[in-house]
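> quick check, what structure comes out for this input:
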Amino acid sequence: MKRLVMGFLSVALVAALVLGGAGVALADDATQSVSVVSVPSDSDLNAQVFEITNGNGVDVTASWKDLTGGSSGTVTIPAGAKKSVSVSNPGLTGVLLKVSHTVNGAQKDVFCNSADRYWVHIRYETESGTLLATDRKAISRSAGSMSVNAPATYQANGVDYKRVSAASQSHSFNTGCTLAQRTLTFTYREIVPEAYSVKIILTDASAKTTIRTEYLAVPVDQTAVYTAKQSITEGNDAYTLALGQATTIRHAYASGMQEYYLYYDKQAPAPAKAYMINIRYQDQDTGLVLASNNVTVPVGQTVTFNVAPECATADGTRYALVSGQSTSVVHAANNPTRQYIVYFRKNTSIPTAPYDITVRYADAATNQTLHSTTLNVALNATVRHDAPATYQLGGTSYSIAAGQNRAIVHQFGAAQTSYTVYYNAAGSTPLAPYDITIRYADGATNAVLYTTTLSVPVKGTATHIAAPDYISNGVSYVLAAAQNQVVAHDYDSTRRVYTVFYKQVTGDAEQDAIQTGDNNANNPANNANPANNANPDNNANTQINDNNVPLAPGTTQTPAPQQTTEPDDTDIEDGQVPLAPGSENNGASPWWWLLSVVPVAGLASFLIARSKAASRTAK
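Predicted structure coming up:
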């Protein structure tokens, strides 16, 4: 009989679970006026708690029975209200509850399985025990255990707190535990704003090692500002701030703890003797060299070169310093830079009043002025001057030099305000334009990659801007270290061949970086400042004012070559070819030349003697 009852209960339990979960009505009609749910136990962990809800418009008296343990009772539930029923169940092992009530004279039954759960209480309180908040979570026999994670910070009544206890606590199912044992308490402390510091890590840009660490104090609710030093010293080493970095770091208090990195370039030791640096004025748009200034750097000192705000070429073309360019170049003795470029741009401002221009006739050989005339240019007018083909002065006849333009036409507002026409004196060797050769060569093998010629006008300057990278026969090259990208040749120079060396691209970003001899430290593109190279030591400084910038003669310029190829077996005549890596000498041994010249000289002497003998015989 007992097995039969237990079988019936099992079937009823399964049916209850399938048909409705926690509360199921086994009635024919779909109207459910009374419902039952199992809720977690709290005060008594050896009793299951069920909540019966009366959905009718009238009070209902229902009877309930524990089909598992046998206890029973009745409860009266007001209309629209709910009542709790506690059913003894030591260990919360499980209960199937039957609730019966009468609707319109017919009995309705509702079944509900216990959830076998009890409440675990959670407290958030201060170190002094002041309660900030509470919570609770149910744990079931089937779950076995639970874990609760508390937030790192908590706000109550407008006050911020931070957790000072463990971040996580756990509880295992145990119906024998006390209320204290199933209460998890997290402790918090009020957050009192305090100033803190962030790290500024000064790093060697090449070695990627820390030079030193500095700290920036951040006041409460404020923004701290750190200005990077342009130069620093650590031990016996000097460093300058690497280009391309922000020089100001702003850190807001609310941003929290962070680290910032600033990169510095290690400087070479200062030379033991004085040396020279070059400061070049250059047209930013065309690359044309406007003026070149050499400055001596005394041992252990820093020199400051004050840049002119404007300059002009020999033809009167005016140039103004490009906006953003530094007005001075500061160079420390230990700075490895040997050349600076300062960029100018042609002054295109239109005059608002008449002005004068100058036309000068000059001896091409001596540059001595033969004649000078001034022409007034009226507002918005054009003036023309025709230089004679020949000119007489002091009994000497002059004829215009080859390539000179006799017709000078000047429109109002044109940049050039001074014109020179060159003449050759009768009986003298006439001066004429000539060509120079520009070669690109592989710095490792001396093989010629590209050759071009450049015409140099009489008493003028020819300028060539070498390509920063080049391709020859499918091989990629970049400008070799310390190579000057700008070749400027003056008419009076005796040099006729210039070689620009390149290195093969390796695929290594650092190895393949283009390194020109021109240190573009003053290029607006990277917004660098020559003052960044100031000597970190407090040595005496030398200051040089550019009061009288030398005027550049008339100039011509050729653009960088296209990506063309030339035979690799062309000989290089330029005597300044560097030695190939791994070689002590790129040329042949002098003994080889001696052994070659002696036999040739002997053979020549023999042929000459034989020729003379034959001549005497013929006579």
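
> OK, contacts around the residue nearest to Leu379 when sequence neighbours are not counted?
Among residues not flanking Leu379 along the chain, Pro354 sits closest, at 5.6 Å (Cβ to Cβ, 6 or more residues apart in numbering). Where C-beta positions appear, they are placed from N, C-alpha and C, glycine not excepted. The contact partners of Pro354, by Cβ atoms under 8 Å, 6 or more residues apart in numbering, come to 376-379.

> kindly report the same for Tyr253.
193, 218-224.

> pLDDT wise, what is it at?
Per-residue pLDDT puts Tyr253 at 94.

> measure it to Val497 for me?
65 Å (Cβ to Cβ, to the nearest Å).

> the nearest residue to Ala47 once chain neighbours are set aside bridge partners, please.
For Ala47, ignoring the flanking residues on the chain, the nearest one in space by Cβ to Cβ, 6+ apart is Ser86 at 4.6 Å. On the basis of DSSP bridges, Ser86 is bridged to Val49.

> run through the strands of the stretch 201-350 of the chain in chain order.
Listed in chain order, the strands of the stretch 201-350 of the chain (DSSP state E, counting those that start in this stretch) span residues 210-218, 223-227, 231-234, 237-241, 248-252, 259-266, 275-283, 289-297, 302-306, 310-312, 318-321, 328-332, 339-346.

> out of these, nearest to Thr453?
Proximity to Thr453 (Cβ to Cβ) singles out strand 289-297 among the strands of the stretch 201-350 of the chain, at 19.3 Å.

> to Lys98, which of the strands of the stretch 201-350 of the chain lies closest?
strand 248-252 (66.1 Å).

> show me what the closest one packs onto, helices and strands only.
strand 210-218, strand 223-227, strand 259-266 (3 or more Cβ pairs under 8 Å, 6 or more residues apart in numbering; DSSP states H and E).

> pairing partners for the longest one, with directions?
Spelled out, that is strand 210-218. The partner list of strand 210-218 in its sheet, established with DSSP bridges, is strand 196-204 (antiparallel).

> what do you get for the shortest one?
Here strand 223-227 has these sheet partners by DSSP bridges: strand 248-252 (antiparallel).

> quick check: angle from the partner strand to strand 259-266?
170 degrees (axes from the mean of the first three to the mean of the last three Cα atoms, to 10 degrees).

> list the buried ones in strand 248-252?
249, 251 (16 or more other Cβ atoms under 10 Å).

> dump that strand to CSV, restricted to CA.
The C-alpha trace of strand 248-252 is given here as CSV (Å, rounded to 0.1, in the frame of the first residue of the first chain):
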residue,chain,number,x,y,z
THR,A,248,53.2,69.7,-23.1
ILE,A,249,51.4,66.9,-21.1
ARG,A,250,48.1,67.8,-19.5
HIS,A,251,46.6,65.4,-16.9
ALA,A,252,43.2,66.0,-15.4
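
> which residues touch it?
198, 200, 216, 218, 222-228, 258, 260, 262.

> Gln54 and Thr102: what is the separation?
Residue 54: Asn, not Gln. 13 Å.

> please apply the same query to Gln230.
95 Å.

> neighbour-wise, which of these two wins?
Gln230 (17 against 12; other Cβ atoms under 10 Å).

> what ranges do the strands span in the stretch 351-500 of the chain?
355-363, 369-377, 382-386, 390-393, 396-400, 407-411, 418-425, 434-442, 448-456, 461-465, 469-472, 475-479, 486-490, 497-504.

> same for the last one, what does it pack against?
Packing partners of strand 497-504 (3+ Cβ pairs under 8 Å, 6+ apart): strand 434-442, strand 475-479, strand 486-490.

> would you reformat these as a markdown table and include mean neighbour count?
Shown next, in a markdown table, are the helices and strands packed on strand 497-504 (neighbours: other Cβ atoms under 10 Å):
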| stretch | mean neighbour count |
| --- | --- |
| strand 434-442 | 18 |
| strand 475-479 | 19 |
| strand 486-490 | 19 |
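
> quick one: which of those is nearest Gln169?
Judged by Cβ to Cβ, the one of these that comes nearest to Gln169 is strand 475-479, at 63.3 Å.

> that closest one - contacts with which helices or strands?
strand 469-472, strand 497-504.

> out of the ones you listed, which one sits most buried?
strand 497-504 (a mean of 20; mean count of other Cβ atoms under 10 Å).

> taking strand 461-465 as reference, get the angle to that one.
Using the same axes, to 10 degrees: strand 497-504 against strand 461-465 is 10 degrees.

> show me how far strand 497-504 is from its chain's centre.
Relative to its parent chain, strand 497-504 has a centroid offset of 30 Å by Cα atoms, centre = their mean, to the nearest Å.

> next one: stretch 83-100
70 Å.

> and it, C-alpha only, in CSV?
This file holds the C-alpha atoms of stretch 83-100, laid out as CSV (Å, rounded to 0.1, in the frame of the first residue of the first chain):
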residue,chain,number,x,y,z
LYS,A,83,-1.0,34.4,2.7
SER,A,84,2.1,32.4,3.6
VAL,A,85,2.1,28.8,4.8
SER,A,86,5.0,27.3,6.5
VAL,A,87,5.4,23.5,6.1
SER,A,88,7.9,21.6,8.4
ASN,A,89,10.6,20.0,6.3
PRO,A,90,13.9,19.4,8.2
GLY,A,91,16.9,19.9,5.9
LEU,A,92,14.6,21.4,3.1
THR,A,93,14.6,18.0,1.4
GLY,A,94,11.5,18.7,-0.6
VAL,A,95,7.7,19.1,-0.2
LEU,A,96,4.7,18.6,-2.6
LEU,A,97,1.9,20.8,-1.4
LYS,A,98,-1.8,20.4,-2.3
VAL,A,99,-4.1,23.4,-1.9
SER,A,100,-7.9,22.9,-2.2
